[in-house]
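Generate coordinates for the sequence data below:
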Amino acid sequence: MNDRYPTGLRALPAGLSLLLAAALSCMAVPASAKPQPQAKNTAKSGAKAPAKPAARPAAKATARPAGKAAVKTGGKSAPSPTRNAPAKAAAAGVAAGAVAAGTAAAAVGHAPKGEPGLSAAEVAALHQHAEQGEASAQYALGSLYKRGQGVALSAETAAQWYEKSAQQGYAPAQSDLGLMYANGRGVARDDAQAVQWYRKAAEQGDAVAQNNLGLMLAEGRGAAKDPAQAVQWFQRSAEQGEAAGQYSLGVMYATGRGVAEDVAQALRWFVAAAGQGHADAQFNAGMLYAEGGVVDRDMAQAAHWLEKAAEQGNAAAQSNLGVLYANGQGVPASDEKAARWLERAAQQGDALAQSNLASLYASGKGVERSPSQAYFWMLLAAGRDTSLAAKRDSMAQPLSAAERARTERQAAAWKAKPAP
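Residues are numbered from 1 along each chain as shown. Coordinates of the predicted model:
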């Protein structure tokens, strides 16, 4: 179970949470003179730019006018704090957790320092220290129960030990206990309790809790919605180097929530988080560099960050990176690499990537020409985007009735692969 994000909690207020799309959503990377797939919109939630058919010559690809850039918070629906639970007992440290594919203004968690595995004797010793009232040992033991490392997996027992530690003022335990309440894991879900424990830890300077508290305030979970106060907590978290806090702050600047919209500041914080491996921040940084405008357009930087995100399984980044390779923007043109990245995004269910991949199969660019594969991928794309129906029907024409029927059965049985 992914416990990085509280169930039902978006990283930011509704409409800002899944992809850098609202504003960047309609953005398409300009196509080169030759007909090629068009750059994908960044978001699941934003408007998509029509993909240009590679199968036949066409004019330069164009995209719908871009709306206000919307920031992606992550592929997952619910960012709130998270803890990468434990390892070797005793001392606990703070470790920024990376966001999941789609993961977003993400909540990250603490991880006790040390090796992940503990011997039976070490677990017994830790248990003894916890029973004697040592807060750090109680937290570490709770983390072991949370992960099922060296002890039987039990979220309930984990919550009990976190509670004992948190009651003694141990900030990592307070933060993780807040996460348990936010997710309803090991305890009944209680957003007010989550906010209470996050705040206790945040006021002690816990960067993870500061970000998580900001997420709750931005969403209005467990407390009155207060974007301005959320920004203050994100700022405090970000300034401590917490990648999730940096990302969250970037989202607020990009969308003008709780602070004046400032794309340059958004990019600054996205890049800071991206440098720590935050996939959604890498994606957002890449798209802001590709869009240009307030910040200088830099396709090399766009390709750099999109590739980083793509390598972590971000489907939108994979799709856009495929377009950059097809158009030779920021990277040397390569139909083979374009096809490879579009395939990876298409396998995750990205409709624009599926459409562009279909065009490559129809034209034989970067892949062996295959009318049946072209029809297969366009069938899938049109199933998610009805505006592609005409292209779908066009790609069916070269096939015999038997080939069409077989391909349609394959498409009906196809299932998207989960992000790695």
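
switch to C-alpha atoms for all contacts and neighbour counts from now on
OK.

Run through the stretch 1-150 of the chain and note the low-pLDDT ranges.
1-116 (pLDDT under 70).

try it again with 50
1-71, 73-106, 112-115 (pLDDT under 50).

try the stretch 301-420 of the chain
Within the stretch 301-420 of the chain, no range satisfies pLDDT under 50.

all helices of it, in order?
Remark: helices assigned in the stretch 301-420 of the chain by DSSP state H, counting those that start in this stretch are 315-327, 335-347, 351-363, 371-384, 389-396, 401-413.

before we move on, which element is residue 187 in?
Under DSSP states H and E, no helix or strand contains residue 187.

now swap in residue 253 and tell me
Per DSSP H and E: helix 243-255 holds residue 253.

Now do that helix: distance to the chain's middle.
In terms of CA atoms, centre = their mean, to the nearest Å, the centre of helix 243-255 is set 13 Å apart from its chain centre.

So what angle separates the directions of the helix or strand just after it and helix 243-255?
Counting by DSSP H and E, the next helix or strand C-terminal to helix 243-255 is helix 263-274. Taking axes from the mean of the first three to the mean of the last three CA atoms, to 10 degrees, one finds helix 263-274 and helix 243-255 inclined to each other by 160 degrees.

which parts of the very next helix or strand once past helix 263-274 are buried?
The first helix or strand that comes after helix 263-274 along the chain, using DSSP H and E, is helix 279-291. Within helix 279-291, the residues that qualify as buried are 279-291, counting by 16 or more other CA atoms under 10 Å.

Output the contacting helices and strands for helix 279-291.
helix 263-274, helix 299-311 (3 or more CA pairs under 8 Å, 6 or more residues apart in numbering; DSSP states H and E).

can those go into a markdown table with extra columns for mean neighbour count and distance to residue 420?
Putting those into a markdown table (neighbours: other CA atoms under 10 Å; distance: least, CA to CA, whole Å) gives the following:
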| stretch | mean neighbour count | distance to residue 420 |
| --- | --- | --- |
| helix 263-274 | 24 | 18 |
| helix 299-311 | 24 | 10 |
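
Save the ones you listed as TSV, and put in distance to residue 138 too.
Converted to TSV, these look like this (distance: least, CA to CA, whole Å):
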stretch	distance to residue 138
helix 263-274	31
helix 299-311	37
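
Looking at these, spot the one closest to residue 218.
helix 263-274 (16.6 Å; CA to CA).

what number of residues lie near the spatially closest residue to residue 339 that is not a sequence neighbour?
Leaving aside its sequence neighbours, residue 339 sits nearest to residue 366 (CA to CA, 6 or more residues apart in numbering; 5.7 Å). Look at residue 366: counted by other CA atoms under 10 Å, it has 17 neighbours.
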